[in-house]
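*Asks:* Provided below are the primary sequence and the corresponding predicted coordinates.
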Protein chains: 2
Amino acid sequence: MKQLGTHLVIDAWHCPAYLLNDPERIRTAILDAVTAGEATLIDFCVHQFSPHGVTATATLAESHIAIHTWPEYGYFAADLFFCGRGNPRKAAEHLETALQAGEVNRREFERGFEPSVSLDTSSVSVSETSPATNLTAFPETSFAGR
Amino acid sequence: MKQLGTHLVIDAWHCPAYLLNDPERIRTAILDAVTAGEATLIDFCVHQFSPHGVTATATLAESHIAIHTWPEYGYFAADLFFCGRGNPRKAAEHLETALQAGEVNRREFERGFEPSVSLDTSSVSVSETSPATNLTAFPETSFAGR
C-alpha cells in the first residue's frame, strides 16, 4: 500500500456532559490538540446545536480534525487525519484528556491506495498505464504545501 | 453498541489528476454530494495547496464530509460522517462518480459507544452510575438541531 495518511478514529464516552456542550471548551481543546500534534490550522468551524451538542471541524495543512458531541450520552466522536507530518497520537491524547473521556475506543487506519502491479515471469513492477491522466504534470509533493 | 452515526471511509485512485487539483470542481462535487445525501451544509472550506492538492471540509448538520486530494497519484481520501439522518452512501456515490474514480476502497463503520452493563443473576441492565455528570440535564436529541 502506498500510505499517504494516518487516520485516528476515536469514540469516547463517560465524559462530563457540560464539557461536551460548551463550544468554547471544545474550541480550546481542539486548538490545543492542533498544537500538541504539531499541526497547522487553515480554517476552523465550531457549531452549537439546539437543544445541545457541538460539532467542530478544523481544516489543517496536515488534513483535518473533526469532533461531534452528544452531551446526553457523555459521548463524542473524533477523527484526526494527518497526512504524514505532525503527531496525530499526541493530538488525540490531548483531546481525550481535555474532554475527560472515561472510556475510549481509538482505532488507527492507514490511508492510501494500492498501486497497480503488472505480473510477468521476471519481475513485479508498478503499472505505467494508470487511467489517471497527466499525473506526470504533478510531481510528488514534498508536503511543503500540504 | 449504541450507534449514533455511520462513517464511510473512502480511498479512491485512478482519478484524473486535473480534477483533483481543481478546487472549483471539488467544491461543486461536494456541494452536489451534500444534496444527494439529503444533508444540510453549515460551513465549508476549500483550500488549494501549492504546488498542488486540494483539501475541502464541509461541516454538516448531520456531521461532516472531508476530502484530501493527491493529484500526483490520482488519489483522494474522503470521509463522510452522518449522524443518522440523510444518506451517506448516495453522497459517496456522487463524489466517486464526479471525481471519476477508477478504483475505490470504501469502508463503512458504525460510530457510537458501548453502554455500561451490570450483570446479575436475573437480568442485564444499563448502568445507572455513569461517571459522566449531569447527563439527565441533556435529554436525548431528536436530531432536530443536529
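*Replies:* Great, that's in hand.
*Asks:* for A:H64, helix, strand, or coil?
*Replies:* strand (DSSP: H, G, I helix; E, B strand; the rest coil).
*Asks:* which residues touch it?
*Replies:* A:57-58, A:79-81, B:55, B:57, B:66, B:68 (CB atoms under 8 Å, 6 or more residues apart in numbering or on different chains). In short, each C-beta sits where N, CA and C put it, glycine included.
*Asks:* same thing but 6 Å
*Replies:* A:81, B:57, B:66 (CB atoms under 6 Å, 6 or more residues apart in numbering or on different chains).
*Asks:* Quick check: bridge partners of the last one?
*Replies:* Read that as B:A66. B:T57, B:D79 (DSSP bridges).
*Asks:* Now for it, how many residues are close by?
*Replies:* Residues near B:A66, counting by other CB atoms under 10 Å in any protein chain shown, number 24.
*Asks:* So it sits against B:D79, correct?
*Replies:* Yes. Assessed by CB atoms under 6 Å, B:A66 is found in contact with B:D79 at 4.9 Å.
*Asks:* Can you report how many residues lie near A:E38?
*Replies:* Neighbours around A:E38, by other CB under 10 Å: 14.
*Asks:* just the one 10 residues further on next, same as before
*Replies:* For A:Q48, the count of nearby residues is 16 (other CB under 10 Å).
*Asks:* residues in contact with the residue nearest to it when sequence neighbours are not counted?
*Replies:* Leaving aside its chain neighbours, A:Q48 sits nearest to A:P23 (4.7 Å; criterion: CB to CB, 6 or more residues apart in numbering or on different chains). Contacts of A:P23 were listed using CB under 6 Å, 6+ apart, and they are A:46, A:48, A:54.
*Asks:* what's across from the second one in the sheet?
*Replies:* Going back to what we said before, that points to A:Q48. A:V54.
*Asks:* Thought A:R85 was touching A:G37, still the case?
*Replies:* No. Counting by CB under 6 Å, A:G37 stays clear of A:R85, with 9.4 Å between them.
*Asks:* Can I get the longest helix seen in chain A in PDB, CA atoms only?
*Replies:* When chain A is parsed with DSSP state H, its longest helix is helix A:23-36. What follows is helix A:23-36 as a C-alpha-only set of coordinates in PDB (Å, rounded to 0.1, in the frame of the first residue of the first chain):
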ATOM      1  CA  PRO A  23     -18.300  25.300  22.300                       C
ATOM      2  CA  GLU A  24     -15.600  27.400  23.900                       C
ATOM      3  CA  ARG A  25     -14.100  24.400  25.700                       C
ATOM      4  CA  ILE A  26     -14.300  22.300  22.500                       C
ATOM      5  CA  ARG A  27     -12.600  25.100  20.600                       C
ATOM      6  CA  THR A  28      -9.800  25.300  23.100                       C
ATOM      7  CA  ALA A  29      -9.400  21.600  23.300                       C
ATOM      8  CA  ILE A  30      -9.100  21.300  19.500                       C
ATOM      9  CA  LEU A  31      -6.700  24.300  19.200                       C
ATOM     10  CA  ASP A  32      -4.500  22.800  21.900                       C
ATOM     11  CA  ALA A  33      -4.700  19.400  20.200                       C
ATOM     12  CA  VAL A  34      -3.500  21.000  16.900                       C
ATOM     13  CA  THR A  35      -0.600  22.500  18.800                       C
ATOM     14  CA  ALA A  36       0.200  19.200  20.600                       C
END
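*Asks:* Let me know whether A:C83 touches A:S63 as I believe.
*Replies:* Yes. Look at A:C83 against A:S63 with CB under 6 Å: they come within range, at 4.8 Å.
*Asks:* Looking at those two, which is more packed in?
*Replies:* A direct count of neighbours by other CB under 10 Å for A:C83 and A:S63 places A:S63 higher, at 30 against 25.
*Asks:* how close does the more buried one sit to B:A77?
*Replies:* 8 Å (CB to CB, to the nearest Å).
*Asks:* quick one: the helices in chain A?
*Replies:* A:17-20, A:23-36, A:88-98.
*Asks:* which of those is buried the deepest?
*Replies:* helix A:17-20 (a mean of 22; mean count of other CB atoms under 10 Å in any protein chain shown).
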